[in-house]
Every structure is written in structure tokens, then in C-alpha cells.
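[1] Here's my sequence, what's the structure:
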Amino acid sequence: MSVAAIGALYAGATLTAMLSGIPIAFALGAVALVFMLVFMPGASLDTVAQNVYEEMASITLLSIPLFILKGAAIGRSKAGQDLYSAMHAWMHRIPGGLGIANVFACALFAAMAGSSPATCSAIGSAGIPEMRKRGYSPGFAAGIIAAGGTLGILLPPSITMILYAVAAEQSLGRLFLAGIGPGLLLVGLFAAWSVYRFRHEYAVAKAAYAAGGPASPILAEERYSMGERFSTLPRVLPFVVLLTGVMVALYGGYATPSETAGLGGLLALGLIAVIYGVWRTKDVGPILTATLRESTMLMLIIGMSLLYAYVMSYLHISQAAAAAIVAMQLSPWLLLVTILALVIALGFFLPPVSIILMTAPIILPPLKAAGFDLVWFGVVMTITMEMGLIHPPVGLNIFVIKNIAPDIPLSDIIWGTLPFVILMAVAILVLCLVPGIALWLPDLLLPTTR
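    Alright, predicted model coming up:
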């Protein structure tokens, strides 16, 4: 049987397994094992455990459960609410300031937690009710939080970036630094949309009131004294110090990524113990349980995805697919557009973790041959996968929002997120025109590793 036919069978079997409702890890593992049994020597089954272990025996991957511990510690405390309250107090006078406060709170929390769902849950549980109470439409409020939560996989420490660094064999430090500029670009775009949308909803509410209708809460003005503003800072500053300390330890060369992750986890546990009194076994137990559950699930997906990629490589499916892409002789930019379209399509069905590990062996060689910087592409691919987190039918963040605000119709949430999907596409276009937005910081701080 030809490699093309085997590849078609492999893709068909994978799609069938995914659509059957089997958990992703088991679906990928089952497909890989069946094809090993049918198309590879019988002795290859004896090496499954060894192959998975060798692929996962990476010091970089060790940082994943440690960063998850850090995120769980922060996400299960009141840090998100405190961060949101501080941002709101300082930005309430700006038109749409409440929406902007939620965007900034999501960005800072994402940088501390490194998880999109955790950011949505922590900031959204406080931010969505407050926005709705002040007259923001349900879809607008939901869209801000869903989109802001996606920053968790772009701003460091990003678990998605860690996996890409392993798959693409790129410097994790450079990838982390490369995500900062585009992350700030997205924060700016999201904030600008929040101002525009607020002005629109404010104008509609004002016109309705002038016509004799009831006064919408969006028309009310809030005031915070300077004392009230400064009173919100003491509980936020320690977490900003945590974020700064982790970044200094990593980029100052004082610790490896794994050591930095361990340091961040211990500091996060220490801070919630001191600030929120979360130190008893009954309080810490759920944090450790959540960390163990999420780490196990994620590492299982990683292990099975790596086995899946190994079988693709052994059967020459990935090499043949990469060669076919090169043989199409597409121009570099058309090649990039085609690959990003593939990533968007996969985002309808798969989470970022699986997309990276399944596609990296196929798409990275042609991109490298076309002259694209793989660190830059990692950022662009991450933003593309962010779009997958807020577009249907999977859209993980959409369902997180639905869980914390069950009375908002799913259709309103989806329509509320669509403008942010467009803004992410705009950000990708800007990065293509000005790649230095992603590369200037790693080139400045880590010039010798490129």
C-alpha cells in the first residue's frame, strides 16, 4: 500500500475516533496502536512504553505540572477577584473602563496562571456579573472574558508555548519573550473594541432614555476616591511581585524554565497562604487534586500525541505530507496562509495541545525551508489557536463562560466573541507585516540563542 493511501487511512481513522466521543488521548493512542499492529513490525508494540517514555523524558516538559500548580493555586484563591477590583477602581472613569479593566485583569492573571480556562473562570466569575449589573449586554460581557482568557496561552508562562518549544526544538526563553509584544498588541486591540462597543451601547441606552424609556445602569457614573483606589493595591502587589520574580529568575539566567516553574509554584502557595489564609489541608487539598488531575490529563494527551506523531514518522506519512506541500511550490506567504487555514480548521475539533503535537512534523519543515522564523511562527500559530478557543463548535472558553454564567444564551456568547476573533485575525496580519513586534524582545535579551 502506498504512503498516500496509508496516510489517508490514518487521517480517516483519526477523524472517526475523534468524532466518536472518545477522549482525545485514548483516540490518538488507539489509532497509533492499531496502525503499529497492522503496518509496523510486531516487535514495535514491545517498545511502545519505551518510545513514549523517551519522547516525554524532557526537562522542558517537567515545567508543565509545576506551572499548572502555580495556576491552580492562584485560580482557586480570590486573587482574580482582587485583581479585577483593583483594575476597575483605577479605570472606571475611562469610557468602557469596566471592560478595559477586565481585559487588563485577564492579561495579568493569564501571565500568572498560564491557563486560558483558569483565567476565564477566575476573572469571569467576578467580571461578568459586575458588567451586566452596570448595563453591559450579556454577549459583550461574555465576549470580553472569553477573549481575554485566550491570552493565557500566549503570555508567558504558556503551557502551549512549552509544547511548541519541544515540538519545534526552539528556545523556550525566546518563545516566552516573543509572546509578550503580540500579547500587548492583542490587549490593546481588545481594549479599543471595548471602548467602541461601550460607546455604542451607551448611545443606544441614552437615546432610549431620552425617548422616555427606563434609565439603563450603563448611564450611571461611579466615583472612587484616591483612598479607595490605593486600598485595592496591597492584595494585588504581591502577585505582581510573583510575576516579576519569575520573569527575572528565568530571563536573568538564575534558573532554568523547570526551576522557574517550581519557584513560581512554591511562591504562589506561599502567597495564598499569607494573604488568603489558604494553608490548611482542607484548603490546599483541592489545589493539589486539581493540579494532579489536570497534569495527568495533559501529560496523557502529550504522551499519546507523541506516540501518534512517532507512528506518522515511522510510516513516512509526515515526511510525505511535508514533501507534498513543498512540491506544490507555493509562495512563502501562500504557504503560510494555507497552513494557518489548516490550523483554524483543526481548531474546530482539537485543543491547542493536540494541534501542535500532531501537525508540527508536517508543517514545520516546509515553513523552515521557506525561510520563516519558527519562533515568530510559534507566536502566530498560538494566536491562530487562540481563535479556536472562542469559535464554535468546540470553543473551550465559550463553554467555560456558559458554565459560570448559565443564564446567558449560548448564541449570545458566540456572537459576543466573534468581533474578538476578527481582532485576532487583524493581529496576525499586523505580525506578518511587522514581525519585529514578536522578535525584537528575544533578539534584544537573548541574541545568542537564535
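[2] what residue ranges in the protein score low on pLDDT?
    55, 80, 113-114, 349, 393-394, 448-450 (pLDDT under 70).
[3] what about 50?
    Applying pLDDT under 50 to the chain picks out residues 449-450.
[4] Show me the longest helix that occurs in it.
    helix 281-314 (DSSP state H).
[5] which other helices and strands contact it?
    helix 3-19, helix 24-39, helix 48-56, helix 63-75, helix 317-327, helix 352-369 (3 or more Cβ pairs under 8 Å, 6 or more residues apart in numbering; DSSP states H and E). Glycine gets a C-beta too; all of them are placed from N, C-alpha and C.
[6] So which of those helices is the most surrounded?
    Mean neighbour count (mean count of other Cβ atoms under 10 Å) peaks for helix 63-75 among the helices and strands packed on helix 281-314, with a mean of 26.
[7] Check which helices and strands it sits against.
    Looks like helix 63-75 contacts helix 97-113, helix 116-133, helix 159-168, helix 257-276, helix 281-314 (3+ Cβ pairs under 8 Å, 6+ apart).
[8] looking at the helices and strands packed on helix 281-314, which is closest to T160?
    helix 352-369 (4.8 Å; Cβ to Cβ).
[9] And the longest helix of the chain, how far out from the chain middle?
    Taking Cα atoms, centre = their mean, to the nearest Å, one finds the center of helix 281-314 at 16 Å from the center of the full chain.
[10] which ones are touching the residue lying closest to P435 once chain neighbours are set aside?
    Closest residue to P435 apart from its sequence neighbours, by Cβ to Cβ, 6 or more residues apart in numbering: W376 at 5.2 Å. The neighbours of W376, taking Cβ atoms under 8 Å, 6 or more residues apart in numbering as the test, are A178, L431, P435, A438, L439.
[11] Mind doing that once more with 10 Å?
    Applying Cβ atoms under 10 Å, 6 or more residues apart in numbering to W376 gives the contacts 174-175, 178, 182, 367, 431-432, 435-439, 442.
[12] Secondary structure and distance to T417 added to those residues, as JSON lines?
    Output for those, formatted as JSON lines (DSSP: H, G, I helix; E, B strand; the rest coil; distance: Cβ to Cβ, whole Å):
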{"residue": "R174", "secondary structure": "helix", "distance to T417": "30"}
{"residue": "L175", "secondary structure": "helix", "distance to T417": "26"}
{"residue": "A178", "secondary structure": "helix", "distance to T417": "25"}
{"residue": "P182", "secondary structure": "helix", "distance to T417": "19"}
{"residue": "L367", "secondary structure": "helix", "distance to T417": "28"}
{"residue": "L431", "secondary structure": "helix", "distance to T417": "21"}
{"residue": "C432", "secondary structure": "helix", "distance to T417": "23"}
{"residue": "P435", "secondary structure": "coil", "distance to T417": "27"}
{"residue": "G436", "secondary structure": "helix", "distance to T417": "29"}
{"residue": "I437", "secondary structure": "helix", "distance to T417": "24"}
{"residue": "A438", "secondary structure": "helix", "distance to T417": "24"}
{"residue": "L439", "secondary structure": "helix", "distance to T417": "29"}
{"residue": "P442", "secondary structure": "helix", "distance to T417": "30"}
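[13] looking at these, which has the most residues close by?
    Ranked by neighbour count (other Cβ atoms under 10 Å), the contacts of W376 have A178 at the top, with 32 neighbours.
[14] gap between that residue and I401?
    28 Å (Cβ to Cβ, to the nearest Å).
[15] Could you look up the SS state of I94?
    coil (DSSP: H, G, I helix; E, B strand; the rest coil).
[16] Now it. Nearest residue, chain neighbours left out?
    I100 (6.1 Å).
[17] what number of residues lie near the one you found?
    I100: 24 neighbours (other Cβ under 10 Å).
[18] OK, contacts around it?
    Taking Cβ under 10 Å, 6+ apart, we find I100 in contact with 87-88, 91-92, 94, 144, 187, 190-195, 198.
[19] 7 Å instead, please
    M91, I94, A191, S194, V195 (Cβ atoms under 7 Å, 6 or more residues apart in numbering).
[20] Please list the outside residues in contact with stretch 133-147.
    98-99, 102-103, 106, 120, 123-124, 127-128, 131-132, 190, 194, 197, 201, 205, 216-218, 390, 397-398, 401, 405, 408, 412-413, 415-417, 419-420.
[21] now that stretch: how far from the chain's centre is it?
    On the basis of Cα atoms, centre = their mean, stretch 133-147 sits 20 Å off its chain's mean C-alpha point.
[22] Okay, buried residues for that stretch please.
    Neighbour counts using 16 or more other Cβ atoms under 10 Å place 134-147 of stretch 133-147 among the buried residues.
[23] For the closest residue in space to T160 that isn't next to it in sequence, give me its contacts.
    Of all residues not flanking T160 in the chain, I153 sits nearest, at 4.1 Å (Cβ to Cβ, 6+ apart). Counting by Cβ under 7 Å, 6+ apart, I153 touches S116, T160, P352, T382, M385, E386.
[24] Which members of those residues are the farthest-apart pair?
    Greatest spacing in the contacts of I153, by Cβ to Cβ: S116 and T382 (11.0 Å).
[25] okay, those two: which has more neighbours?
    The neighbour count for S116 versus T382, taken as other Cβ under 10 Å, is higher for S116 (30 against 25).
[26] was I right about that one contacting L155?
    No - under the criterion of Cβ atoms under 7 Å, S116 makes no contact with L155, lying 10.4 Å away.
[27] anything in contact with each of those two?
    With Cβ under 7 Å, 6+ apart, S116 and L155 have no common neighbours.
[28] Relative to A111, which of the helices and strands packed on helix 281-314 is closest?
    The nearest among the helices and strands packed on helix 281-314, by Cβ to Cβ, is helix 63-75 at 10.5 Å.
[29] That closest one vs helix 159-168, what angle?
    170 degrees (axes from the mean of the first three to the mean of the last three Cα atoms, to 10 degrees).
[30] thinking again about what came up before, which of the helices and strands packed on helix 63-75 is buried the deepest?
    helix 97-113 (a mean of 27).
[31] Alright, calling it a day.
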